[in-house]
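Engineer: Show me how the following folds:
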Amino acid sequence: MKSNRKVKILILVILGILFTFLPIFVNNPRFTVRDRDITSNYKGEKNFDHDNLKISAVSGKIHIDGNSGWLDFRNDGNCTGNGTYSDPYVIEDLVINGGGSGSCILIENSDVYFRIENCSFSNSPSGISIRYASNGTICNCTFLGSGVGLGGCLNLTIIENIIMNGNGRGIFYTSAPGPPRPTQITIVSNIIYNNSDGGIIMLHGLNNSIKQNIIVNNTYCNLVPRYNIYCHDTIGYNISENFIGNSEIGLYLQECMNTSIFRNDIINNSKYGIVITRNSNNTFLSQNLIKSNNIGLIINDSSRSSLIYKNQFIDNDINAIDDGNQNNWDNGIIGNYWDDYTGSDANGDGIGDVPYNITGSAGSKDHFPLMKCPIRKGEGIPIELIILISVISGGAVIGVATLLLIRLKRKRIE
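Structural biologist: Model prediction:
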């Protein structure tokens with residue numbers, strides 16, 4: 001209780017700071033627009049003074065094509081760095097309005113190292129688009145009415161950004177055609193909120209990570225359901241320590257292999273917390289809080305060989321449905337906590353004396369149901385955070401709130 005009170009007090013303090021300084025963010029000249037485009041594939045035209053980069057220069061759209069395009073862009077005074085691992089090209093402190101179409105920054109066909117940081121993007125389907133390019137980092141940027149589009153990319157990190165109120169996808173990724181190969185896309189410590197065409201959409205790819213994000217209230221206009229995270233035809237994804245809530249479906253896996261779903265809070269989704277469907281096999285789920293969804297977890301369409309243990313199912317209308325094959329709801333020693341389990345524990349070992357029956361055609365059972373929650377009730381990122389996000393439209397306060405709240409430690413029974 002003391003911990004929860006501290007969290008609420010912290011949020012009230014942040015809200016107080018927000019409302020005190022909100023007029024500064026609204027009236028800041030960073031959010032004015034000037035209509036210029038910067039294209040660097042050979043022409044090398046200098047369109048704004050490099051000395052203004054660090055005072056939040058207002059820029060037109062930027063297009064960089066190839067390694068030579070980066071070199072021209074740097075030589076024209078538009079960025080710093082040499083494109084190496086230790087000294088990447090850096091684009092920073094820009095404000096770009098996309099004018100309702102296209103991308104604010106488009107990067108193509110390069111494999112040099114680069115960073116885009118401390119920028120603001122608005123009014124564009126993709127604030128940043130990266131196509132067939134590698135070795136990039138997008139950090140500490142604000143996307144308002146905009147998102148991030150990735151295609152055929154390798155070794156990219158998207159970290160500590162705010163992506164909200166977009167008319168498209170928050171983050172959209174699809175890999176290059178051909179056999180699966182490690183793509184190493186890492187999406188970490190972002191707020192992805194209220195985007196109208198999905199929160200994170202991942203199509204294909206191998207060994208990518210989605211971790212420590214807040215992903216709430218996202219929809220999906222092109223399909224009937226609304227998703228916070230949608231993965232299709234993926235292999236070896238790690239989805240961990242996220243707060244995923246307030247949509248129709250929290251997490252949807254379709255034709256996905258070897259997915260790890262670990263220590264997430266999946267809360268208050270009106271249809272499903274987690275869907276595992278269409279031959280999504282070998283899914284590992286452990287230490288997740290699956291709470292206040294219509295159906296907490298559903299496995300269907302011949303999806304098989306999932307291992308599900310040490311999760312907490314609480315306050316769902318239906319905790320779980322298994323219409324798949326050969327899924328294991330315990331690891332042979334420990335199962336899950338079910339708030340509607342009615343069995344006893346005569347020997348006091350913390351394991352129920354009779355199995356818990358999983359709803360569904362598979363006839364599955366949790367043979368070792370836990371009598372005590374592996375995650376304490378009410379732990380995780382509090383619902384007040386959603387209120388916080390909903391009244392903020394950008395700026396440093398969000399970054400502070402993210403760092404303070406997303407990294408709250410949760411006490412768990414190991």
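Engineer: where does the helix or strand containing C104 sit relative to the chain's centre, distance-wise?
Structural biologist: Taking DSSP states H and E as the definition, C104 sits inside strand 103-108. Averaging C-alpha positions (Cα atoms, centre = their mean, to the nearest Å) puts strand 103-108 21 Å from its chain's average.
Engineer: Now stretch 84-93: buried residues?
Structural biologist: Buried residues in stretch 84-93, counted by 16 or more other Cβ atoms under 10 Å: 88-93. Heads up, the C-betas are built off the backbone N, CA and C, glycines and all.
Engineer: Next: stretch 303-314.
Structural biologist: Buried-residue list, stretch 303-314, by 16+ other Cβ under 10 Å: 303-306, 308-314.
Engineer: Among those, which ones are in helices?
Structural biologist: In helices, defined here by DSSP state H, there are no members of the buried residues of stretch 303-314.
Engineer: returning to what we had before: closest one of the buried residues of stretch 84-93 to I334?
Structural biologist: I334 lies nearest to P88 out of the buried residues of stretch 84-93, by Cβ to Cβ, at 44.8 Å.
Engineer: Name the nearest of the buried residues of stretch 84-93 relative to I138.
Structural biologist: Once Cβ to Cβ is applied, the member of these that ends up nearest I138 is I91, at 9.9 Å.
Engineer: how about that closest one, secondary structure?
Structural biologist: Under the three-state scheme (DSSP: H, G, I helix; E, B strand; the rest coil), I91 adopts strand.
Engineer: and it, how far is that from Y230?
Structural biologist: Computed as Cβ to Cβ, to the nearest Å, the I91 to Y230 distance reads 29 Å.
Engineer: quick revisit: need the buried residues of stretch 84-93 in a markdown table with pLDDT and distance to S364, can you?
Structural biologist: Shown next, in a markdown table, are these (pLDDT from 0 to 100; distance: Cβ to Cβ, whole Å):
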| residue | pLDDT | distance to S364 |
| --- | --- | --- |
| P88 | 96 | 49 |
| Y89 | 97 | 52 |
| V90 | 96 | 52 |
| I91 | 96 | 51 |
| E92 | 93 | 52 |
| D93 | 92 | 54 |
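Engineer: Out of those, which is nearest to I130?
Structural biologist: Checking the buried residues of stretch 84-93 against I130 with Cβ to Cβ, the nearest one is I91 at 12.2 Å.
Engineer: right, and that closest one touches W70 too?
Structural biologist: No. Using Cβ atoms under 8 Å, I91 is not in contact with W70; the gap is 10.0 Å.
Engineer: For the buried residues of stretch 303-314, please prepare TSV with the additional fields distance to G60.
Structural biologist: Shown next, in TSV, are those (distance: Cβ to Cβ, whole Å):
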residue	distance to G60
S303	47
R304	52
S305	52
S306	49
I308	51
Y309	53
K310	52
N311	49
Q312	50
F313	51
I314	51
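Engineer: buried set for stretch 95-115?
Structural biologist: For stretch 95-115, burial by neighbour count (16+ other Cβ under 10 Å) applies to 95-98, 103-110, 112-115.
Engineer: what about the stretch 201-350 of the chain, any weak spots by pLDDT?
Structural biologist: 220-225 (pLDDT under 70).
Engineer: Quick one: the helices in it, in order.
Structural biologist: For the stretch 201-350 of the chain, no helices are identified by DSSP state H, counting those that start in this stretch.
Engineer: how close does the spatially most central residue of the chain get to I64?
Structural biologist: The structure's the chain has its C-alpha centroid closest to N213; by Cα atoms, centre = their mean the separation is 4.9 Å. Look at N213 and I64: by Cβ to Cβ, they are 27 Å apart.
Engineer: Give me the pLDDT for T20.
Structural biologist: What the model reports as pLDDT for T20 is 37.
Engineer: same check, this time on the one 4 residues further on
Structural biologist: Note on I24: pLDDT of 34.
Engineer: ok, now I11?
Structural biologist: pLDDT recorded at I11 is 46.
Engineer: ok, now I413?
Structural biologist: pLDDT, I413: 39.
Engineer: Now do the contacts for the residue nearest to the centre of the chain.
Structural biologist: By Cβ atoms under 8 Å, 6 or more residues apart in numbering, the residues touching N213 are 187-192, 200, 242-243, 406.
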